[in-house]
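Peer 1: model this:
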Amino acid sequence: GTRECGFCRNTACTVKQDLSTSNHGITVTSKLKWRKYNNVVLYDEAGKMIGKLQWGLKGIFLSGCVACQTPRALRRARTRGGPTQWTFSLKDGAVQIAVKGSVLYSQKLAGECAEKYGKVGRFAFNDMGCENTFSFVEKEMELGDKVVGNCAGTCDAGK
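Peer 2: Numbering: from 1, shown residues only. Now for the predicted structure:
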């Protein structure tokens, strides 16, 4: 059957973007919750998984490199009762999450982490629900053939 909002390892289901040089990062509109995380799966250009950004009101995690509580300022910036537009970026080895243009979380990666996440060239979403969307930046992003914008960037196996 078709798992429209499932998780697909095929590079056709990823968005190609060099996150280490991107000025835009990835902008997502989703509901921020305590128990559920937003999941962005990060790959190198060839499609090999590097790690995952998982974050919500409770914590921020970047596989093997970051694990912390979500700062109060970032929790407060959410749109209560509705979706919040947030941006994740990895420019110059710094993990940043911004809301409404203000960077409310920033962590510079060092050593192995900086090296590993400096190679991110693709991303996809995992288990984020169809009501969530992301902003496509034409100059920086190349959509895989199977990426559908209304399904949080996940794969539509029916295509």
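Peer 1: tell me the contacts of residue 54?
Peer 2: Neighbouring residues of residue 54 by Cβ atoms under 8 Å, 6 or more residues apart in numbering: 37, 38, 39, 40, 60, 61, 62. Bear in mind the C-beta positions are built from the backbone N, C-alpha and C, glycine included.
Peer 1: again, 7 Å this time
Peer 2: 37, 39, 61 (Cβ atoms under 7 Å, 6 or more residues apart in numbering).
Peer 1: the last one and residue 67, how far apart?
Peer 2: With distances taken as Cβ to Cβ, to the nearest Å, residue 61 is found 5 Å from residue 67.
Peer 1: who has more neighbours, those two?
Peer 2: residue 61 (18 against 11; other Cβ atoms under 10 Å).
Peer 1: what residues are bridge-paired with the more buried one?
Peer 2: With DSSP bridges as the criterion, residue 61 is bridged to residue 54, residue 67.
Peer 1: so who does it touch?
Peer 2: Neighbours of residue 61 in contact, by Cβ under 7 Å, 6+ apart: 54, 55, 67.
Peer 1: just the closest of these to residue 28, please.
Peer 2: For the contacts of residue 61, the closest approach to residue 28 (Cβ to Cβ) belongs to residue 55, at 10.4 Å.
Peer 1: would you confirm that the closest one contacts residue 40?
Peer 2: No. Counting by Cβ atoms under 7 Å, residue 55 stays clear of residue 40, with 8.6 Å between them.
Peer 1: which strands and helices lie in contact with the helix or strand bottoming out on mean pLDDT in the chain?
Peer 2: Scoring the helices and strands of the chain by mean pLDDT, DSSP states H and E places strand 133-134 at the bottom, with a mean of 74. For strand 133-134, the packing partners by 3 or more Cβ pairs under 7 Å, 6 or more residues apart in numbering; DSSP states H and E come out as strand 26-30.
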